[in-house]
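Student: need the 3D shape of this:
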Amino acid sequence: MTIDLKQNPATNPALLLRFRDRQYAPDMLAVAVGKLNLFSWIHQRGDADTEAIANHFSLASRPLDVLLTLCRASGLIESAGDTHRLTDLGREHLVDTSPWFLGPYYAPIVDSPIAQGCLQVLRHDRPANWQASEDGSDWHTSMMDEDFAQGFTALMNCRGIAMGQVLADKLGGFIADCNHVLDVGGGSGIYSSTLVAKHDHLRATVLEQAPVDRLAREEVLRHGLQDRITVAQGNMFTDPWPGGADCVLLSNVLHDWDFPEIRTLIQKTCQVLPAGGRVIIHEAFLDDDKTGPLAVAEYSVLLVNITQGKCYSPAEYGVILADHGFEVGPYHDTIADRGFITAIKR
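Tutor: Numbers count the residues shown, from 1 in each chain. The predicted structure follows:
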């Protein structure tokens, strides 16, 4: 099928993506209600800080942050700094002494495979192996397998076409003076393809590990962009990045990782860019106060179960970028609950 990368979709697929992206959120809530009885415990105390919750229930910080964000975005708790208390909704329906307690309604899914995986992640901070290989490898290890990588790359590619087209439009002014984009962890290369298709002055290099690099070359060839997009094979953490770029694109990459790995990738971004070079982070972003959006909080539950990351806010990325000498720009919406922030190397 021939795809016109310059023609945006007429509709927003956000709802269709949300149906899939929220699939882990109900089970995570079921664990909070039926396994931890979290809301009753907070109610008995009046309020509780994050450290107290983590210590009492033996929960790891990354998944606990995802759970608390989901609860805030769902209107079940409200937070002042690291201190959390129940809302009226949470108090009436999720406390086991309330006449309106809905705990039994979640009983049928509290022991589901997904719920068991959520509890494993909450307790041990390890991905629960969704879509992993049969030997139990996590998603990142599974991506080294040819068949798995092909299926997952195709999955991301079909989603990325519309996202990439709108991103390319919204970035027009920011990349007007750029010549070469380095698309780090670029998957099928769909974001590079939409960028160069809409901006004739641009060239791009996609950095991907094997076997995804071969799949990216095939996709670039399918779009007829092989003269303007090259694909470099390499591990983005351990191998040198290709030089010559004046713009680095990190699209749907950082949310796969925790803060130490994010800092490593931002540091390498800083090292490869010249002064005045630009970076684009394209993601599903949480609000800075982590009270929503609900769709992104639900998506973060999926990510914490299948990757080593979660969804982050512009402020969280902004601190890391500033620490590495970048001047950070504002957040911009695109399509399907996604958006981007930009930064310029001083």
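Student: and stretch 319-330, how far out from the chain's middle?
Tutor: With C-alpha atoms, centre = their mean, to the nearest Å as the basis, stretch 319-330 stands 19 Å off its chain's centre.
Student: that one: which residues count as buried?
Tutor: Judged by neighbour count (16 or more other C-beta atoms under 10 Å), stretch 319-330 contains these buried residues: 320-321, 324, 326, 328-329. Where C-beta positions appear, they are placed from N, C-alpha and C, glycine not excepted.
Student: now these as a markdown table including pLDDT?
Tutor: Formatted as a markdown table, the buried residues of stretch 319-330 follow (pLDDT from 0 to 100):
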| residue | pLDDT |
| --- | --- |
| Ile320 | 98 |
| Leu321 | 98 |
| His324 | 97 |
| Phe326 | 98 |
| Val328 | 98 |
| Gly329 | 97 |
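Student: Val279 bridge partners, please.
Tutor: Val248, Ala343 (DSSP bridges).
Student: quick one: neighbours of it, just the number.
Tutor: Neighbours of Val279 under the rule other C-beta atoms under 10 Å: 26.
Student: that one touches Thr269, doesn't it?
Tutor: Yes - taking contacts as C-beta atoms under 8 Å, Val279 lies within contact range of Thr269: 5.4 Å.
Student: and for these two, which residues touch both?
Tutor: 248, 250 (C-beta atoms under 8 Å, 6 or more residues apart in numbering).
Student: returning to what we had before: ok, so of the buried residues of stretch 319-330, who is nearest Ile344?
Tutor: Phe326 (6.5 Å; C-beta to C-beta).
Student: contacting residues around the closest one?
Tutor: Contacts for Phe326 were tallied using C-beta under 8 Å, 6+ apart; they are 266, 270, 279, 343-346.
Student: bridging across strands, which residues link to it?
Tutor: Beta-bridge partners for Phe326, by DSSP bridges, are Lys345.
Student: quick one: it from Asn37, how far?
Tutor: Phe326 sits 44 Å away from Asn37, taking C-beta to C-beta, to the nearest Å as the criterion.
Student: again with Asp49
Tutor: 18 Å.
Student: ok, now Ala210?
Tutor: Using C-beta to C-beta, we find Ala210 at a distance of 47 Å from Asn37.
Student: so which of these two has more stuff around it?
Tutor: Using other C-beta under 10 Å as the criterion, Ala210 and Asn37 rank with Asn37 on top: 17 against 14.
Student: hang on, Phe340 in a helix?
Tutor: No - per DSSP: H, G, I helix; E, B strand; the rest coil, Phe340 lies outside any helix segment and is strand.
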